[in-house]
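Undergrad: Sequence first, predicted coordinates after that:
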Protein chains: 2
Amino acid sequence: MHVIVTGGAGFLGARLIQQLLSGKVGGQAVTRVTSIDLAPCPVTDDRVESLTGDIADPDFIESGLIQQALADDTGAVCHLAAVVSSQAEADFELGMRVNLDATRTLLEACRHHSARPRFLFASSLAVFGPGLSQPVPEAVGPQPRSSYGAQKAMGELLVNDYSRRGFVDGRVCRLPTIVVRPGKPNQAASSFASSIIREPLAGVEAVCPVDAGLPLWLSSPRAVVANLVHALSLDGETLGDWRTLNLPGLTVTVEEMLDALERQAGTSARDLVRFEPDAAIDAIVASWPGGLAVERPLSLGFQADSDFDAIIHAYLDDERGDELDN
Amino acid sequence: MHVIVTGGAGFLGARLIQQLLSGKVGGQAVTRVTSIDLAPCPVTDDRVESLTGDIADPDFIESGLIQQALADDTGAVCHLAAVVSSQAEADFELGMRVNLDATRTLLEACRHHSARPRFLFASSLAVFGPGLSQPVPEAVGPQPRSSYGAQKAMGELLVNDYSRRGFVDGRVCRLPTIVVRPGKPNQAASSFASSIIREPLAGVEAVCPVDAGLPLWLSSPRAVVANLVHALSLDGETLGDWRTLNLPGLTVTVEEMLDALERQAGTSARDLVRFEPDAAIDAIVASWPGGLAVERPLSLGFQADSDFDAIIHAYLDDERGDELDN
């Protein structure tokens, strides 16, 4: 089976591609992967082809490359490419173009493909707004307080409607905040959640822009990648009529994160984190729920990390063994 | 104050325009109205100008007519133009173009207008899916089972995000099924709900495509128009951060509707209704909730009809006095 991954050059996309190539999707071995992203996919493997370009650029869309990538053996499309939260807040047009329009372009290409591919859409806890009882029950609706969240919520509706109509076999995963991301900070409002662990572990100072008591809904990259592969592998019928799922996570306050950091790397590491409130970041991140109801996903075989200490361990393990340099 | 009404040639749009011209919006008298629709607005009044064209047509959009309509005195835009449920289900592209793209075009035009206009978006109970506890609590999210519902739910998210960003001063009203509509059946899946009352009252046979026990969430045209004017008149701050409201309605089963018909027009009228199940219509209409929680809208001054007999009376009254021939 051939799989297309948008955002395949990104941190999550590259790891998903690695994982896909080592396993099966719905009982079929993954024989080749096409990455679509601004940069080539960093995974060194003959089975990976990289299409470089901006999927939101009209010229790229009109080039027909997406349609060409959809081949007879294409069984799945994983749509991870996105403009992240703070960036979509700062540049409204860019967010609309990438997060909404490109999703629609991709769905339309799949719709007109001969086979009905599985379509995995990475959504986010950012679709939710503030003031909800925690954990947020599954039926509660998106009332996002960021353009990123609004665009992801619209994408969810699109994937569900395309699935209901039989255009694609969709599955929407609402990702928790992913911690610990390797590398450098990005333009996600939640970027600090990785920085306050990653930087001190490397002996570098980090800034926390939100209150220590703020609860976050977190998942390790490993758990998210395993859950995305699981979502892709499940039979569509198992998911029922509504294809949106909250991926499991852990509810951890910033303070609890720093406690775990201290347990793993001592007081000196913790002391490298200083608090500098940032109203713009707080307005986005504090509007997100600190926990979602995940009974149904857990019963479908999705998994959560055991605790935050294990998340730090996994990060240190990954850093030692990681071949990907992004 | 100048008000723009899309769908101003339609049944609801024309009545809204009549009502607006006889009153005030947010304390200001409505001095003129521009109707944008495929046909001219049937309201005969010097203060009404009709722009005829398809707001989803790229040529119409590029003509700049929408931007020109937005004048210094434009205080509000009421966006009622839509492709209705069965039509949006039958013609996916048309539904996307009118229900989603045109909404976005209009919001963009308002965003670039010098004043921040009030923006009223007519959404629908069709955003909801099946299997919900009734009445549906306010926090429950859209899981539509029709493309119409999905497109309206995306429009709701757009209007809310444009409001949050300060591009427009939005208000989204989820309309109940409107009964009794005058005139002829249309391509709304719920069209029968008017037909089974309107036709027998005129001595004509009517077909009911759904089960007699199905509960519907109904409102008279009078109540809906009054509620739309109220939504437009309220100060935006009153509505809070999330601008979507369920308009009040009545929960009435098809059987209870026919009981009321019999009370008003006798057994002979009721006998003109025959049941012929239609799976396509049932799949859409039976997925809609039969009742929504409306405590908050009622506390904000929105109103419901007293009972279904009153709805029939209002229809007969309107028919006698109505100057609008649509």
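TA: Okay, I see it. Everything quoted here is computed from the prediction, not taken from an experiment.

Undergrad: how deep is A:Val207 tucked in, by neighbour count?
TA: Other residues within reach of A:Val207 by the criterion other Cβ atoms under 10 Å in any protein chain shown amount to 15. The C-beta positions use only the backbone N, C-alpha and C, and glycine is treated the same way.

Undergrad: Repeat that for A:Lys184.
TA: A count of neighbours around A:Lys184, defined by other Cβ under 10 Å, yields 10.

Undergrad: Assign a three-state SS to it, would you?
TA: The three-state assignment at A:Lys184 reads coil, by DSSP: H, G, I helix; E, B strand; the rest coil.

Undergrad: what's the spacing between it and B:Thr238?
TA: Relative to B:Thr238, A:Lys184 is positioned 44 Å away (Cβ to Cβ, to the nearest Å).

Undergrad: what are the phi and psi values for A:Gly95?
TA: The phi/psi pair for A:Gly95 (degrees, to the nearest 10) reads phi -60, psi -50.

Undergrad: Next one: the closest residue to A:Arg116 other than its chain neighbours, what pLDDT does it get?
TA: Once its chain neighbours are removed from consideration, A:Arg116 has its nearest residue in A:Asp169; the separation is 5.6 Å (Cβ to Cβ, 6 or more residues apart in numbering or on different chains). Confidence at A:Asp169, expressed as pLDDT, is 97.

Undergrad: quick one, what contacts the residue of the stretch 51-200 of chain A at minimum distance from chain B?
TA: The stretch 51-200 of chain A approaches chain B most closely through A:Gly141 (2.2 Å), counting by Cβ to the nearest Cβ. Applying Cβ atoms under 8 Å, 6 or more residues apart in numbering or on different chains, one finds that A:Gly141 lies in contact with B:Ala139, B:Val140, B:Gly141, B:Pro142.

Undergrad: Where is pLDDT lowest across those?
TA: Within these, pLDDT is lowest for B:Ala139, at 91.

Undergrad: how about that one, what does it touch?
TA: Contacts of B:Ala139 were listed using Cβ under 8 Å, 6+ apart, and they are A:Leu132, A:Val140, A:Gly141.

Undergrad: which stretches of the stretch 101-250 of chain A have low pLDDT?
TA: Low-confidence segments of the stretch 101-250 of chain A, defined by pLDDT under 70, are absent; every residue clears the threshold.

Undergrad: how far does stretch A:169-179 sit from the chain's center?
TA: If you compare the mean C-alpha spot of stretch A:169-179 with that of the full chain, they lie 6 Å apart, counting by Cα atoms, centre = their mean, to the nearest Å.

Undergrad: Please disregard the earlier target; I meant stretch A:68-87.
TA: Taking mean C-alpha positions (Cα atoms, centre = their mean), stretch A:68-87 and its chain are 12 Å apart.

Undergrad: Do a quick rundown of the strands in chain A.
TA: Using DSSP state E, the strands of chain A run over residues A:2-6, A:24-25, A:28-29, A:32-37, A:48-52, A:74-79, A:118-124, A:169-175, A:177-178, A:206-208, A:215-219, A:244-246, A:250-253, A:273-275.

Undergrad: Determine which of the ones you listed approaches B:Leu125 most closely.
TA: strand A:244-246 (20.1 Å; Cβ to Cβ).

Undergrad: so what does that closest one touch, helix or strand wise?
TA: Under the contact definition 3 or more Cβ pairs under 8 Å, 6 or more residues apart in numbering or on different chains; DSSP states H and E, strand A:244-246 sits against helix A:147-164, strand A:169-175, helix A:295-299.

Undergrad: just the ones you listed: most buried one?
TA: Ranked by mean neighbour count under mean count of other Cβ atoms under 10 Å in any protein chain shown, the helices and strands packed on strand A:244-246 are led by helix A:147-164, which reaches a mean of 27.

Undergrad: Now do it: distance to the chain's middle.
TA: In terms of Cα atoms, centre = their mean, the centre of helix A:147-164 is set 14 Å apart from its chain centre.

Undergrad: quick one: which of the strands of chain A is nearest B:Ala90?
TA: Going by Cβ to Cβ, the one of the strands of chain A nearest B:Ala90 is strand A:169-175, 21.4 Å.

Undergrad: Neighbouring strands - and their directions - for that closest one?
TA: strand A:118-124 (parallel), strand A:244-246 (parallel) (DSSP bridges).

Undergrad: got those as CSV, with mean neighbour count and distance to B:Thr244 columns?
TA: As requested, the strands paired with strand A:169-175 are arranged in CSV below (neighbours: other Cβ atoms under 10 Å in any protein chain shown; distance: least, Cβ to Cβ, whole Å):
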stretch, mean neighbour count, distance to B:Thr244
strand A:118-124, 27, 19
strand A:244-246, 24, 19
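
Undergrad: For B:Val127, find the nearest of those.
TA: Distances from B:Val127 to each of these were compared using Cβ to Cβ; the shortest belongs to strand A:244-246, at 14.3 Å.

Undergrad: Please tell me how far A:Asp37 sits from chain B.
TA: Distance from A:Asp37 to chain B, counting by Cβ to the nearest Cβ, to the nearest Å: 26 Å.
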